[in-house]
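In: coordinates only, sequence not included:
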C-alpha cells in the first residue's frame, strides 16, 4: 500500500511539473557543415556559370554576323542587285557609314549597294544594323576585309581569297574563340577553334 502511494505521489509530481522547454537553434557543427557545402557548390558553380555565359554570348555574336551575311547574300539574289555588309564605327548614327576597319566588334551595317562600291552612298538603303558589342570581345577579319559585297549570283566580290573573321573573348584561348569563314563563292560557315585559332 505504501509503495502504491509512493508511486502515485511520484506520478503526481511528474505530471504537475511544467515540461522542460526545448531550446531551439543550430549548433556550431551544423553551421560549419552548411558553410562548407555552400563553399564547395560556389567553387564548382561560379566558373561553370562564367564559362556558359561567355560561350552563349560569343555564339550569339558570331551567329549575328553569320545571319547578317546570309541575309545580305539572299537579298542580293532576291533583288538581283549588289548588297554589301561592312564594319562600321557609327552603326547607331542617323546616317551610318563604313569604317574601312577589319575590326567588326564596333558593329556593322547591311545595305543595298546600288553601284557596288562597298560604301554607303546616295540611293543606297540601310537594311540592317548591328550595334557595338556589349563585352570587350574582339572580332577581326583576315586579308584586310572590311566589307563584303554580294552580287546577284550570291558571289562575294573583292575578297582576296577566303577570309576568316575571328572572335576572341577578353581572355583569348581555344575555348573562347569562334570563327566565321567566308569564301569567294559566298559560302559562309562557322569553323571550330583549335590551339592556334581556327582550323
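Out: Perfect, I can see it now. These numbers come from a predicted model, not from an experiment.
In: pLDDT wise, what is the residue most central in space within the chain at?
Out: Central residue of the chain (Cα atoms, centre = their mean): residue 57, 0.4 Å from the mean position. Residue 57 carries a pLDDT score of 83 in this model.
In: that one contacts residue 135, correct?
Out: Yes. The pair residue 57 and residue 135 passes the contact test of Cβ atoms under 8 Å, sitting 6.1 Å apart. C-beta: built from backbone N, CA, C; applies to glycine.
In: quick check: the residue nearest to the centre of the chain is in a helix.
Out: Yes. Secondary structure of residue 57 (DSSP: H, G, I helix; E, B strand; the rest coil): part of a helix.
In: residue 127: what secondary structure?
Out: What three-state DSSP gives for residue 127 is strand.
In: distance of it relative to residue 181?
Out: Distance, residue 127 to residue 181, by Cβ to Cβ, to the nearest Å: 23 Å.
In: which residues in the chain form strands?
Out: Remark: strands assigned in the chain by DSSP state E are 83-87, 108-112, 125-130, 138-141, 147-150, 156-157, 163-168, 177-182, 188-191, 193-194, 197-198.
In: out of these, flag the one nearest residue 61.
Out: Closest to residue 61 of those is strand 163-168 (Cβ to Cβ; 6.0 Å).
In: what mean pLDDT does the closest one have?
Out: When pLDDT is averaged over strand 163-168, the result is 85.
In: how about stretch 122-142?
Out: Taken as a whole, stretch 122-142 has a mean pLDDT of 86.
In: tell me which residues of it come out buried.
Out: Buried residues in stretch 122-142, defined by neighbour count with 16 or more other Cβ atoms under 10 Å: 124, 127, 128, 129, 130, 133, 137, 139, 140, 141, 142.
In: biggest separation within those, which pair?
Out: The most widely separated members of these are 124 and 137, with 28.6 Å between them, by Cβ to Cβ.
In: measure residue 72 to residue 56 for me?
Out: Distance from residue 72 to residue 56, by Cβ to Cβ: 25 Å.
In: hmm, I was thinking of residue 43
Out: Distance, residue 43 to residue 56, by Cβ to Cβ: 22 Å.
In: next: residue 45.
Out: Taken as Cβ to Cβ, the spacing of residue 45 relative to residue 56 amounts to 16 Å.
In: can you show me the helices along this structure?
Out: 2-16, 28-79 (DSSP state H).
In: what pLDDT does residue 23 get?
Out: Residue 23 carries a pLDDT value of 62.
In: cool, the one 3 residues further on as well?
Out: Each residue has a pLDDT score; the one for residue 26 is 80.
In: that one: how many residues sit nearby?
Out: Residues within reach of residue 26, counting by other Cβ atoms under 10 Å, total 9.
In: now do the one 4 residues further on
Out: Neighbour count of residue 30, defined by other Cβ under 10 Å: 10.
In: please say which of residue 72 and residue 56 ends up with more neighbours.
Out: Using other Cβ under 10 Å as the criterion, residue 72 and residue 56 rank with residue 72 on top: 30 against 10.
In: wait, the more buried one sits on residue 150?
Out: Yes. Assessed by Cβ under 8 Å, residue 72 is found in contact with residue 150 at 5.5 Å.
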